[in-house]
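Visitor: need the 3D shape of this:
(2 chains)
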Amino acid sequence: ETGVTQTPRHLVMGMTNKKSLKCEQHLGHNAMYWYKQSAKKPLELMFVYNFKEQTENNSVPSRFSPECPNSSHLFLHLHTLQPEDSALYLCASSVPGEGAYEQYFGPGTRLTVT
Amino acid sequence: AQKVTQAQTEISVVEKEDVTLDCVYETRDTTYYLFWYKQPPSGELVFLIRRNSFDEQNEISGRYSWNFQKSTSSFNFTITASQVVDSAVYFCALYTGGFKTIFGAGTRLFVKA
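Guide: As a prediction, this is how the structure comes out:
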């Protein structure tokens, strides 16, 4: 398998559920990102990991909890979400070097919070 | 402050027409990078081009071309002889430091057969 993969592709969860999104990259990159894409809003950077260390937390509510066990895998743990958290969640990876290099994106997880 | 403006929310063209997507950026930094990405209906953003602030050469790749003008802080993207497969949302992005890339709001392009 190549590129960046994300599972699940679609997720419907209630506000009291706990779920996790998974991202895996097969590109040998060492930087990984979580973005939120809501309708009619620019992409919002949520978290950045560089060599497994979190380097950016863009004021994301604590109901979103990232985990990066190694440079190839990234998780986003979700709990007690709100309906306004419904969005497309995109994972991306890049070579290290901060943001100066292009990012490679997965297909996203379409999350609906009911 | 850094900002990327894509003033065109949606553009609709007929196949084989040329179309230009505008991107205007703001930054006080002298070193920065500009990007274009394509987001087809499948969802993933696909990298198209990266340009650094010291390289104002225009670039052509097949039907795609990019016009970078520092004097007007613009980095416009032209698709020549558009095709239905070009239908997507196109994002312009700016990087000036750290890990944060600033994305524009995107331009949705419809190409009708």
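Visitor: is chain A contacted by stretch B:32-40?
Guide: Yes. Interface with chain A: stretch B:32-40 contributes B:Tyr33, B:Phe35, B:Tyr37 (C-beta under 8 Å from any C-beta of the partner chain). C-beta coordinates here come from the backbone N, C-alpha and C atoms, glycine included.
Visitor: got a markdown table for the residues you listed, with pLDDT, secondary structure and neighbour count too?
Guide: Converted to a markdown table, those look like this (pLDDT from 0 to 100; DSSP: H, G, I helix; E, B strand; the rest coil; neighbours: other C-beta atoms under 10 Å in any protein chain shown):
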| residue | pLDDT | secondary structure | neighbour count |
| --- | --- | --- | --- |
| B:Tyr33 | 93 | strand | 20 |
| B:Phe35 | 95 | strand | 24 |
| B:Tyr37 | 97 | strand | 25 |
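Visitor: now, among these, which is nearest to chain A?
Guide: B:Tyr33 (5.4 Å; C-beta to the nearest C-beta).
Visitor: isn't that closest one right up against B:Asn52?
Guide: Yes. Look at B:Tyr33 against B:Asn52 with C-beta atoms under 8 Å: they come within range, at 5.3 Å.
Visitor: can you give me the distance of the closest residue to A:Ser71 other than its chain neighbours to B:Phe47?
Guide: Setting aside the residues directly before and after it, A:Ser71 is nearest to A:Asn30 in space (C-beta to C-beta, 6 or more residues apart in numbering or on different chains), at 4.8 Å. Using C-beta to C-beta, to the nearest Å, A:Asn30 is found at 17 Å from B:Phe47.
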